[in-house]
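Engineer: Have a look at this fold, sequence not included:
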């Protein structure tokens, strides 16, 4: 192919999905000349899978992205159709915000944000090749080349290809090359990456059908309203309002025995069970046919009927993902109560795509063997918009900091779900699309949604993505929480008929003497709002301040315990491993452990301990070897 010199930039970002957007904005906002390449400019920030942002574990990621200076939470607040706080019956560690989003409006807002960002070029072009050269014993990125032959010299590139790499859509017996939502696939980059030594894997994901709203009998479905009180994702959102001016309802439907029978009768036509699909799908988001097979004892499966936007009649049927033939899908759909006359606007499909083995990456998300090349999002083997955006932000930050000669950002597991996500990927890898869940963290009570800014905004400020005004507002909020916590801990509530009536109403043990307000708040059946009648002098505070003070008091003992555990973890993370260590020289270590350590090249003892196949005994041997050969290392 004939190439030509198109220009020089600092960073090339490949793909304008959720990872690419965060990566490109981070680089440009840190002052680097950046180009964001996408196959289709009309699909910037597209939501091909579902019209929602947040959810269990994922909502935490959105809050963390915002605290670091990312864009997703702020954009999501502007396009919210419905907002719900999941797991409200459980403790604050697993409270997770999830919103229904207007997917068209989200695309428009993100495209406008990119177009108006200084230092950023937004270009419709497919990157088909990366150019590297030998430098210091490994390869270093030098340029990217489009399918039209435009060569862009760059100092770093971030691959955020989503599900486009050699994308292949499958519906029943019909399979063809395609990206998501009927777009073109990226067909050249995989070969170029492999030629440069990148190991690729083949994963699969899928979508449910989209249905015309007027063809659904909503009277036969369960109504699902949103929350009355809504806290926005972003601290930048000052006046939250629902897109379209009002909160839209969702609905709940169910499969039934007839649905399951149709699926069972047609399993021989399922590409999932017939061998047509080669890629590995997400275990935690299976297709409806997979659920019917795996959970054969279940009489029904819950489905969520969700609006796609205020300007469209398209409705999303969450939980009904399928790759069955179109005519089988139609029969399955019409078997559902309320969907007897449903009109399909978009047929469900599965999509296979190439992605990279993430163990090839440092925790900075830079490839170990190719300097200047970074990966983010589904390209790293993850699933979900939120996981993608989180990685894109970190990759963008680190590519920029490296070019600027500054220390990169590596978030420990104890700091964030983003740190947990990246550490899981680079130390353990993944054999299926990785999905964030609160259960993946050992420090759930420390990593709550309500304290994401407390944990991370200082890093965002130091990096340069959080400005002084916003940081000052955070400091004032933090001081207000401290003041309210201290007031609650020092306020005494005297015995009174009002107190006794409140305790009786809440089923709480009576007290005949005065009692600290904080002691009452620690009781499981009482909370900040419930104690208002016996706390008449409380100040008028924002909801976020009241929540922060309440959680600190109510769960103080548990939080302290996890902080102690995190401190022990920090000591292991601080014991760095020499980058040139030859693990074959470590006497007494098992062969499997030696091979794993040679392959993954962990940065610290803590990271080494989390690699699958490394035992505590191997770590002990490694610590002894380090002490003998290198002395004490910090």
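Structural biologist: Structure received. The structure displayed is predicted, hence computed values, not measured ones.
Engineer: tally of neighbours for the residue nearest to residue 1 when sequence neighbours are not counted?
Structural biologist: Nearest residue to residue 1, sequence neighbours excluded (Cβ to Cβ, 6 or more residues apart in numbering): residue 149, at 5.3 Å. Glycine gets a C-beta too; all of them are placed from N, C-alpha and C. When neighbours are counted by other Cβ atoms under 10 Å, residue 149 registers 13.
Engineer: do the same with residue 65
Structural biologist: Residue 65: 30 neighbours (other Cβ under 10 Å).
Engineer: so it sits in a helix?
Structural biologist: Yes: the assignment for residue 65 is a helix, going by DSSP: H, G, I helix; E, B strand; the rest coil.
Engineer: After the host helix or strand of residue 77, which helix or strand is next?
Structural biologist: Using DSSP states H and E, residue 77 sits within helix 72-78. Once the chain leaves helix 72-78, the next helix or strand it forms, by DSSP H and E, is strand 80-86.
Engineer: Can you list the strands that the helix or strand just after that following strand pairs with?
Structural biologist: Counting by DSSP H and E, the next helix or strand C-terminal to strand 80-86 is strand 96-101. Strand 96-101 sits in its sheet next to strand 52-54 (antiparallel), strand 80-86 (antiparallel), going by DSSP bridges.
Engineer: Can you name every helix or strand that the helix or strand following strand 96-101 contacts?
Structural biologist: Scanning forward in sequence from strand 96-101 by DSSP H and E, the next helix or strand is helix 103-115. Contacts defined by 3 or more Cβ pairs under 8 Å, 6 or more residues apart in numbering; DSSP states H and E place helix 103-115 against helix 18-29, helix 72-78, strand 120-124.
Engineer: and the angle for helix 103-115 with strand 80-86?
Structural biologist: 100 degrees (axes from the mean of the first three to the mean of the last three Cα atoms, to 10 degrees).
Engineer: and helix 103-115, how far out from the chain's middle?
Structural biologist: Chain-centre distance of helix 103-115: 19 Å, with Cα atoms, centre = their mean, to the nearest Å.
Engineer: Any chance you could list what contacts it?
Structural biologist: 16, 21, 24-25, 36, 41-47, 51, 71, 75-76, 78-79, 120, 122, 243, 308-312 (Cβ atoms under 8 Å, 6 or more residues apart in numbering).
Engineer: Report the mean confidence score over it.
Structural biologist: For helix 103-115, the mean per-residue pLDDT is 98.
Engineer: Name the single longest helix found in the protein.
Structural biologist: helix 468-490 (DSSP state H).
Engineer: Could you pull up the mean pLDDT of the next helix-or-strand element following that helix?
Structural biologist: With elements assigned by DSSP H and E, the helix or strand that comes after helix 468-490 is strand 492-493. Here strand 492-493 scores 95 as its mean pLDDT.
Engineer: Neighbouring strands of strand 492-493 in the sheet, and parallel or not?
Structural biologist: When DSSP bridges is applied, strand 492-493 pairs with strand 515-516 (antiparallel).
Engineer: would you list every one of the strands in the stretch 101-250 of the chain?
Structural biologist: Using DSSP state E, counting those that start in this stretch, the strands of the stretch 101-250 of the chain run over residues 120-124, 127-135, 138-146, 150-153, 156-159, 168-171, 174-177, 200-207, 210-212, 222-224, 250-254.
Engineer: Over to the stretch 301-450 of the chain?
Structural biologist: Residue ranges of the strands in the stretch 301-450 of the chain, as given by DSSP E, counting those that start in this stretch, are 302-307, 314-318, 344-346, 349-356, 370-371, 373-375.
Engineer: For those strands, please prepare a markdown table with the additional fields distance to residue 270 and mean pLDDT.
Structural biologist: Below are these laid out as a markdown table (distance: least, Cβ to Cβ, whole Å; pLDDT from 0 to 100):
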| stretch | distance to residue 270 | mean pLDDT |
| --- | --- | --- |
| strand 302-307 | 19 | 97 |
| strand 314-318 | 18 | 96 |
| strand 344-346 | 18 | 97 |
| strand 349-356 | 10 | 96 |
| strand 370-371 | 39 | 97 |
| strand 373-375 | 32 | 98 |
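Engineer: which one of those strands is the most hemmed in?
Structural biologist: Mean neighbour count (mean count of other Cβ atoms under 10 Å) peaks for strand 373-375 among those, with a mean of 29.
Engineer: Can you say which of the strands of the stretch 301-450 of the chain is nearest to residue 129?
Structural biologist: strand 373-375 (12.5 Å; Cβ to Cβ).
Engineer: just how off-centre is the closest one within its chain?
Structural biologist: 18 Å.
Engineer: Residue 267 touches residue 273, doesn't it?
Structural biologist: Yes: Residue 267 is in contact with residue 273 according to Cβ atoms under 8 Å; the separation is 5.2 Å.
Engineer: intersection of neighbour lists for those two?
Structural biologist: Contact with both residue 267 and residue 273 is made by residues 289, 293, according to Cβ under 8 Å, 6+ apart.
Engineer: All the helices of the stretch 151-300 of the chain, residue numbers only.
Structural biologist: 189-195, 257-265, 271-274, 288-294 (DSSP state H, counting those that start in this stretch).
Engineer: centroid residue for this protein?
Structural biologist: residue 387 (2.3 Å; Cα atoms, centre = their mean).
Engineer: Would you enumerate the residues in contact with that residue?
Structural biologist: Neighbours of residue 387 in contact, by Cβ under 8 Å, 6+ apart: 58, 61, 377, 421, 434, 435, 436.
Engineer: The fourth one reaches residue 64, doesn't it?
Structural biologist: No: Residue 421 is not in contact with residue 64 according to Cβ under 8 Å; the separation is 9.7 Å.
Engineer: Which strands or helices does the worst-scoring helix or strand of the chain on mean pLDDT pack on?
Structural biologist: None of the helices or strands of the chain scores lower by mean pLDDT, DSSP states H and E than helix 271-274, at a mean of 80. If you count contacts as 3+ Cβ pairs under 8 Å, 6+ apart, helix 271-274 packs onto helix 288-294.
Engineer: go again using 7 Å as the cut-off
Structural biologist: Of the remaining helices and strands, none touches helix 271-274 by 3 or more Cβ pairs under 7 Å, 6 or more residues apart in numbering; DSSP states H and E.
Engineer: And it, how far out from the chain middle?
Structural biologist: Between the centre of helix 271-274 and the centre of its chain there are 29 Å (Cα atoms, centre = their mean).
Engineer: contacts for that helix?
Structural biologist: When contacts are defined by Cβ atoms under 7 Å, 6 or more residues apart in numbering, helix 271-274 is touched by residues 170, 172, 267, 268, 277, 287, 289, 290, 323, 350.
Engineer: Show me which pair in these is furthest apart.
Structural biologist: 268 and 350 (16.6 Å).
Engineer: Could you look up the next helix or strand downstream of the one helix or strand residue 558 maps to?
Structural biologist: Element membership for residue 558 (DSSP H and E) is helix 556-574. Downstream of helix 556-574, the next assigned helix or strand under DSSP H and E is helix 591-600.
Engineer: immediately after that following helix, which helix or strand?
Structural biologist: Next helix or strand after helix 591-600 toward the C-terminus (DSSP H and E): helix 605-609.
Engineer: and the angle from the helix or strand that that next one is followed by to helix 556-574?
Structural biologist: Next along the chain after helix 605-609, taking DSSP H and E as the criterion, comes helix 616-630. Relative orientation of helix 616-630 versus helix 556-574 (the same axes, to 10 degrees): 50 degrees.
Engineer: same for helix 616-630, what does it pack against?
Structural biologist: helix 605-609.
Engineer: The helix it packs on - what's its average pLDDT?
Structural biologist: Taken as a whole, helix 605-609 carries a mean pLDDT of 87.
Engineer: And for stretch 463-482?
Structural biologist: Stretch 463-482 comes out at a mean pLDDT of 97.
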